[in-house]
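Enquirer: no sequence for this one, just the structure:
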């Protein structure tokens with residue numbers, strides 16, 4: 001017998017065997033009420049579900065959930081940042097109020113809140129929330145700082161029942177007679193808490209020296225920040241600044257002149 005005929009017979013036998021097994025399975029499935037088909041469907045379901053998660057709604061749903069969680073986290077970070085800023089603001093306010101309490105024990109007067117920034121006016125003025133009802137009158141002096149380290153900012157120029165307008169010592173165009181140590185000088189306001197003056201080169205003055213206003217209770221009005229000299233000039237320029245951050249000033253102390 002040739003090899004090709006032998007292979008044909010083996011193929012026929014395998015086909016007949018497979019057909020018999022298939023007929024047997026169909027018969028068993030019919031007799032069991034579809035149990036074989038249910039088993040086949042159950043075994044293929046995990047593969048189908050896995051494919052669905054990777055290629056369909058499962059993957060997209062997971063991505064959408066992550067995006068939603070990221071949005072929630074960003075919102076929480078923003079809330080925490082706002083809360084921290086609020087707490088920092090309260091802490092600074094408490095420090096200023098504690099300083100005013102010490103200043104009130106050292107100097108009689110009235111504490112007041114600054115209600116407008118000095119930047120809002122080109123004339124070097126700002127408003128406070130205390131006026132004639134609190135005993136404040138034009139000419140009263142306005143200070144900032146703490147006991148032993150308070151600096152004169154300006155004076156009250158206009159008063160209402162519950163508010164007052166303050167003009168700064170170093171308002172643009174203002175002029176004041178001052179004393180740096182034993183050296184007298186005239187300072188002209190430059191705005192922003194800064195003043196400028198000229199003195200003879202022969203006079204002694206040092207950077208960092210406290211400058212006072214003899215006509216205003218001898219209160220300090222600034223600190224010498226810079227001295228400029230020119231060998232060809234008989235004078236030297238002196239720059240004085242307030243050691244107070246006017247842009248963040250919240251509270252002041254008002255005293256009689």
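Expert: Structure's in. What do you need? Predicted model, so just to flag it, every value in this text is computed and none were measured. Residues are numbered from 1 along each chain as shown.
Enquirer: wouldn't residue 129 be in contact with residue 115 here?
Expert: Yes: counting by CB atoms under 8 Å, residue 129 touches residue 115, with 5.0 Å between them. (Glycine included, C-beta is placed from N, CA and C.)
Enquirer: what touches both of these two?
Expert: Listed as contacting both residue 129 and residue 115 by CB atoms under 8 Å, 6 or more residues apart in numbering are residue 163.
Enquirer: tell me which residues in the longest strand along the chain are buried?
Expert: Criterion DSSP state E: the longest strand present in the chain is strand 219-229. Neighbour-count burial for strand 219-229 flags 219-225 (criterion: 16 or more other CB atoms under 10 Å).
Enquirer: now swap in stretch 238-253 and tell me
Expert: Buried residues in stretch 238-253 (16+ other CB under 10 Å): 238-242, 244, 246, 249, 251-253.
Enquirer: quick one: which two of those residues are the most distant?
Expert: Greatest spatial distance among those (CB to CB): 238 and 251, at 29.8 Å.
Enquirer: got the buried residues for stretch 179-191?
Expert: 179-180, 183, 185, 187, 189-191.
Enquirer: with the residues you listed in mind, which one is nearest to residue 209?
Expert: The nearest one, if we look at the buried residues of stretch 179-191 relative to residue 209 and count by CB to CB, is residue 180, at 5.0 Å.
Enquirer: what's the distance between that closest one and residue 110?
Expert: 30 Å (CB to CB, to the nearest Å).
Enquirer: swap in residue 210?
Expert: 25 Å.
Enquirer: and these two? Which one has more around it.
Expert: Shown here are residue 210 and residue 110; by other CB atoms under 10 Å, residue 110 has more neighbours (19 against 16).
Enquirer: tell me which strands the longest strand of the chain pairs with, and in which orientation.
Expert: The sheet places strand 219-229 alongside strand 210-213 (antiparallel), strand 235-241 (antiparallel), with pairing taken from DSSP bridges.
Enquirer: I'd like those strands laid out as a markdown table, including mean pLDDT.
Expert: Formatted as a markdown table, the strands paired with strand 219-229 follow (pLDDT from 0 to 100):
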| stretch | mean pLDDT |
| --- | --- |
| strand 210-213 | 95 |
| strand 235-241 | 95 |
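Enquirer: could I get the ones you listed as TSV with distance to residue 143?
Expert: Listed next are those as TSV, based on distance: least, CB to CB, whole Å:
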stretch	distance to residue 143
strand 210-213	12
strand 235-241	16
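Enquirer: so where does residue 158 fall, helix or strand?
Expert: strand 151-159 (DSSP states H and E).
Enquirer: mean confidence for the next helix or strand after that strand?
Expert: Using DSSP H and E, the helix or strand that follows strand 151-159 in sequence is strand 164-168. What strand 164-168 shows for mean pLDDT is 94.
Enquirer: name the helices or strands packed onto the next helix or strand after strand 164-168?
Expert: Heading C-terminal from strand 164-168, the first helix or strand you meet, by DSSP H and E, is strand 175-180. On a contact count with 3 or more CB pairs under 8 Å, 6 or more residues apart in numbering; DSSP states H and E, strand 175-180 meets strand 183-191, strand 194-200, strand 210-213, strand 219-229, strand 235-241.
Enquirer: to residue 144, which of the ones you listed lies closest?
Expert: strand 219-229 (11.1 Å).
Enquirer: now what about stretch 227-247, what contacts it?
Expert: By CB under 8 Å, 6+ apart, stretch 227-247 touches 117-119, 144-145, 151, 153, 169-170, 178, 180, 185, 187, 192-201, 205-207, 211, 221-226.
Enquirer: same question for stretch 193-206.
Expert: Applying CB under 8 Å, 6+ apart, the set of residues contacting stretch 193-206 is 153, 168-170, 176, 178, 180-183, 185-190, 221-222, 224, 227, 229, 233-242, 244, 246.
Enquirer: cool, thanks, talk later.
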